[in-house]
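> prediction below, plus the sequence it came from.
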Amino acid sequence: MDDAMKEVEILLVEDNPTDAELAIRALKKSNLANRLVWVKDGAEALDFIFATGAYAGRTIGNGPRVILLDLRLPKVDGMEVLRRVKGDERTRTIPVVVLTSSKEDRDVAESYRLGVNSYISKPVEFDEFAKTVAELGLYWLLVNHPPVAQR
Amino acid sequence: MQPNNATLRHLGWLLGGLAMLFVIVWKAPALYTVQGLASYLPLHMVAETFSIVVAMLVFGVAWNAYSVERPGNIMILACALLAVGLIDFAHMLSFKGMPECITPSGPEKAINLWLSARLVAALALFAVALRPWLPLTDPRFRYWLLAASLVVASAVIWLGLAYPQEWPRTFIAGQGLTPFKIGAEYAIITIMLVPAVMFYRQARQPQTYDAASLFAATVITILSELSFTFYSDVADIFNLLGHIYKIVAYFFIYRAVFVASVREPFQRLDAEFAENRRIAKALQTVSLYTRSLIEASLDPLVTINAAGKITDVNHATERVTGRTRSELIGTDFSDYFTEPDKARAGYQQVFLKGAVTDYPLVLRHRDGHVTDVLYNASVYCDEAGEVLGVFAAARDVTERKKAEENLLALKNELEVRVQERTAQLAAANQELEAFSYSVSHDLRTPLRAIDGFSGILLEDYADKLDDEGKRLLNVVRDNTVRMGQLIDDILKFSRAGRLELSYSDIDMEELARSVYDELQPAIAGHEVRVEIEHLPSARGDRAMMRQVFVNLLSNAIKFTRTKDAARIKVGCSVEGNEAIYFVQDNGVGFDMQYVGKLFGVFQRLHGITEFEGTGIGLAIVKRVITRHGGRVWAEGKVGEGATIYFALPVKEKAHG
């Protein structure tokens, strides 16, 4: 269990601090934000996931258990992060949830083509947003059973 | 020749005159008794010489003018006259008072030869009269005739000169003519009556020969013979008369022969020449006419032989090539085109197939400028159907080609413009898309922050806010939500215009029913009677058409909410090539004076507190229907309800 406790459970990739704060607040309310890492751009996200750069000390297999990914990101955009995660044998089983303001069909279609596990459009209403974030955190961390190999 | 009754009449006068002369001499005793004319011998010689010359002339003319197509009769007559002339010559030598020739001359010796000559002449006329006036069956036969004539003449002359005593007695001095002599003369006359009659009859009809002259000759010979039956002395008046008649008769024979051998052929030749000239003239006229037609053609015309050489051209060809007719004729047809090989292939095709039509070639003028032409060509043949060459006509299509090129240039320009415009449109579309993407993403983020942090304020500082503070924060939150809705709607509207239509057959009735079922939660307890009639299927984008029904039905549900007995009806009628669908309700309706605003973006006819909504629904309906080639309109009355119509073009079954 100690190992498991150290494991990062949620990687939040979000450049907008208010959206990030709202998301973290919503997850906290459901006690899901204890093991959360927030990165502000795609490049940092990739460093974290693939244990490079500032995160070189990490082990690739050691989480996160779910990635909440915004699409519009500085440096490397969300779609590229998704492509890299789903294109790599070591990381492709990590569930990726796209959490974005965009409702554009092409983004939805492209995300699913790249192998996204879920596509969530951020509602404007905070209550609904909080509910949605809490629900998907619960689902991916508690309800969903990832393949054994990942652990 | 023509039946010349005038000639016959003249001859009649002449013959009558001669007969009268005979009668006068016979009945006038003074003349009758004239005997022993002292100078008769030279007279006789002149007369005989003349007749011999005429006889020889007859032979010479006939023999030398002979040709195979001439009647053999003339040859018979000519050869006979040769013999006659020769015998007459012997007769002249034997005349009384002439020097001794083999045997001494004397009346009987001369008479014997005379009679022989007359008999030959009479038989010849007889034969000529009876024989059909036709060419000799064998042209060599005239040599036989000549030989026979010479043999007979030689025999008679030899017998007459060498053996005068062997001949029957014809004349006894002091007594006059013997009965034999007179009988012989009568016999000759008798023979000659036959040709006389026949010639006369033939003379009265159109003949190719001078039958009239022969008739005259025969009759005059008869008169001559008659004269010789009368004389008592070889130097008397009858003898002279007989000789004169004979000369006249020979003259007529000469005339007949001359006419038949020389004049008639020449006249025929003349006539033929005249006819030929007439034909040549007619031909020339026809030829000139044909030529003028060819020259009148504005299209370059040319004839080509099998070797590909030009055989004829018209002015138009000279003009278009800048070369004269004489320069062109005999040269290679293909030399005058920008693509000689293609020109050669063209006329070879004509020789092969018989014709080509609209064969495009480019003619080159001497000065270098070119003319676009279309060739139409076919072979022309002689009477036997043998191909002589190709007749080719070119049509100048420079103007047409220019027009076509202009048209093509215009079309290309138009295409370029269309492409440019399409590219501009695509760029604009892309910009719009980027814009809406940006709107979709960026505009909502701050809204979410406003709403989110207002919410946090309400949650975390609830104890520090009074009720008015909380209400005000809730107003902020309501408006953020509304702003979010507006953004969503404008994106929906933009998407309705932007997305590509994916056509399929849509069961409109099924679609309307499924949308209605989906909207059931919106009715939520309110009693609405919905009637969906049979709707014809349509062709269009299913998702968009679904949006139409969603918008129309949710509108209808929304605006009947205040009614107790709410009714909604969906129906359709087909008019012409349009299917007119409608959604009718008995809700709050609208004032027809605002009908123009109904389909505008964010146009609302009701206060926001009365009915929720941004006013985008009908605008989206209009956009979708318009994109399907249809149209929308509405009817309504305040408090009584509204009917929204949308018409779609009916597609033919074959296309479905």
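Everything's here; your move.

> can we go C-alpha only for contacts and neighbour counts from here?
Noted.

> and the most centrally placed residue in chain A, what element?
Geometric centre of chain A, nearest residue: A:Ile67, 1.7 Å, by CA atoms, centre = their mean. Assigned by DSSP states H and E, A:Ile67 belongs to strand A:66-69.

> can I get the helix or strand following that strand in CSV? Just the C-alpha atoms.
Next helix or strand after strand A:66-69 toward the C-terminus (DSSP H and E): helix A:78-87. Below are the C-alpha coordinates for helix A:78-87, written out as CSV (Å, rounded to 0.1, in the frame of the first residue of the first chain):
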residue,chain,number,x,y,z
GLY,A,78,-3.2,18.5,-25.9
MET,A,79,-3.7,16.6,-29.0
GLU,A,80,0.0,16.0,-29.4
VAL,A,81,0.3,14.9,-25.7
LEU,A,82,-2.6,12.5,-26.4
ARG,A,83,-0.9,11.1,-29.5
ARG,A,84,2.4,10.5,-27.6
VAL,A,85,0.7,8.9,-24.7
LYS,A,86,-1.4,6.6,-26.8
GLY,A,87,1.4,5.9,-29.2
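
> and helix A:78-87, what does it pack onto?
helix A:42-49, helix A:105-114 (3 or more CA pairs under 8 Å, 6 or more residues apart in numbering or on different chains; DSSP states H and E).

> please identify the buried residues of it?
Across helix A:78-87, burial judged by 16 or more other CA atoms under 10 Å in any protein chain shown covers A:78-86.

> same thing with stretch B:87-106?
Residues of stretch B:87-106 classed as buried by neighbour count (16+ other CA under 10 Å): B:87-96, B:104-106.

> show me which of those neighbour chain A.
Near chain A, taking CA under 8 Å from any CA of the partner chain as the test, no member of these is found.

> from these, which land in helices?
Per DSSP state H, helices hold the following members of the buried residues of stretch B:87-106: B:87-94.

> quick check, nearest of these to B:Gln348?
Nearest to B:Gln348 among these is B:Ile87, at 78.3 Å by CA to CA.

> now do the contacts for the closest one.
Contacts for B:Ile87 (CA atoms under 8 Å, 6 or more residues apart in numbering or on different chains) come out as B:113-114, B:116-117, B:153, B:156-157.

> which of those residues sits closest to chain A?
Using CA to the nearest CA, B:Ala153 is the member of those that lies nearest chain A, at 139.1 Å.

> if we can go back for a sec, which of the helices and strands packed on helix A:78-87 comes out lowest on mean pLDDT?
When the helices and strands packed on helix A:78-87 are compared on mean pLDDT, helix A:105-114 scores lowest, with a mean of 84.

> now whichever helix or strand comes after that helix, how far from the chain's geometric center?
Per DSSP H and E, the first helix or strand lying C-terminal to helix A:105-114 is strand A:118-121. With CA atoms, centre = their mean, to the nearest Å as the basis, strand A:118-121 stands 11 Å off its chain's centre.

> quick one: average pLDDT of strand A:118-121?
pLDDT averaged over strand A:118-121 gives 83.

> so what does it touch, helix or strand wise?
Secondary elements touching strand A:118-121 (3+ CA pairs under 8 Å, 6+ apart): strand A:96-100, helix A:105-114.

> mind putting the ones you listed in CSV, distance to B:Ala634 included?
Shown next, in CSV, are those (distance: least, CA to CA, whole Å):
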stretch, distance to B:Ala634
strand A:96-100, 39
helix A:105-114, 32
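
> just tell me which of those ends up closest to chain B.
With CA to the nearest CA as the criterion, chain B lies closest to strand A:96-100 of those, at 7.6 Å.

> list the helices and strands the closest one packs on?
strand A:66-69, strand A:118-121.

> of these, which stretch is the most buried?
strand A:66-69 (a mean of 26; mean count of other CA atoms under 10 Å in any protein chain shown).

> close to chain B, is it?
No. Figure legend: strand A:66-69 not in contact with chain B (CA under 8 Å from any CA); closest approach 14.1 Å.

> C-alpha coordinates for that strand, PDB please?
Taking Å, rounded to 0.1, in the frame of the first residue of the first chain, the C-alpha atoms of strand A:66-69 are listed here in PDB:
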ATOM      1  CA  VAL A  66      -5.600   9.100 -15.100                       C
ATOM      2  CA  ILE A  67      -4.700  12.100 -17.100                       C
ATOM      3  CA  LEU A  68      -7.100  15.000 -17.300                       C
ATOM      4  CA  LEU A  69      -6.000  16.800 -20.400                       C
END
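
> and that strand, which strands flank it?
strand A:10-13 (parallel), strand A:96-100 (parallel) (DSSP bridges).

> contacts for that strand next, please.
Here strand A:66-69 makes contact (CA under 8 Å, 6+ apart) with A:9-14, A:78, A:94-100, A:140-141.

> could you work out the most separated pair of those?
The most widely separated members of the contacts of strand A:66-69 are A:Gly78 and A:Leu141, with 21.3 Å between them, by CA to CA.

> B:Phe391 touches B:Tyr380, doesn't it?
Yes. The criterion here is CA atoms under 8 Å, and B:Phe391 meets it with B:Tyr380 at 6.5 Å.

> between the two, which one's more packed in?
Each of B:Phe391 and B:Tyr380 has its neighbours counted (other CA atoms under 10 Å in any protein chain shown); B:Phe391 has more, 21 against 17.

> would you mind identifying the next helix or strand past the strand or helix carrying that one?
B:Phe391 belongs to strand B:387-396 when assigned by DSSP H and E. Downstream of strand B:387-396, the next assigned helix or strand under DSSP H and E is helix B:398-438.

> gap between that next one and the chain center?
On the basis of CA atoms, centre = their mean, helix B:398-438 sits 49 Å off its chain's mean C-alpha point.

> quick one, that helix and helix A:105-114 angle?
Relative orientation of helix B:398-438 versus helix A:105-114 (axes from the mean of the first three to the mean of the last three CA atoms, to 10 degrees): 80 degrees.

> list the buried residues for the following helix or strand past helix B:398-438?
Scanning forward in sequence from helix B:398-438 by DSSP H and E, the next helix or strand is helix B:444-460. In terms of neighbour count (16+ other CA under 10 Å), helix B:444-460 has its buried residues at B:444-456, B:458.

> can the helix or strand just after helix B:444-460 be found next to chain A?
Per DSSP H and E, helix B:444-460 leads on to helix B:467-498 as the next helix or strand towards the C-terminus. Yes. Using CA under 8 Å from any CA, we find that helix B:467-498 touches chain A at B:477, B:480-481, B:484.

> which one of those residues sits closest to A:Asp41?
Nearest to A:Asp41 among the residues of helix B:467-498 next to chain A, with distances taken as CA to CA, is B:Gly484, at 25.6 Å.

> hmm, B:Leu447 and the closest one touching each other?
Yes. Contact criterion CA under 8 Å: B:Gly484 and B:Leu447 qualify, at 7.1 Å.

> joint contacts of those two?
With CA under 8 Å, 6+ apart as the test, B:Gly484 and B:Leu447 both reach A:Val124.

> where in chain B is the helix or strand with the lowest mean pLDDT?
Least confident helix or strand of chain B, by mean pLDDT, DSSP states H and E, is helix B:29-32 with a mean of 56.

> ok now the helix or strand following that one, how far from the chain's centre?
Later in the chain than helix B:29-32, the nearest helix or strand by DSSP H and E is helix B:40-64. Centroid displacement of helix B:40-64 relative to its chain, using CA atoms, centre = their mean, is 68 Å.

> stretch B:475-486 now?
Put simply, stretch B:475-486 sits 89 Å off its chain's centre (CA atoms, centre = their mean).

> ok, now stretch B:310-325?
On CA atoms, centre = their mean, the centre of stretch B:310-325 falls 21 Å from the chain's centre.
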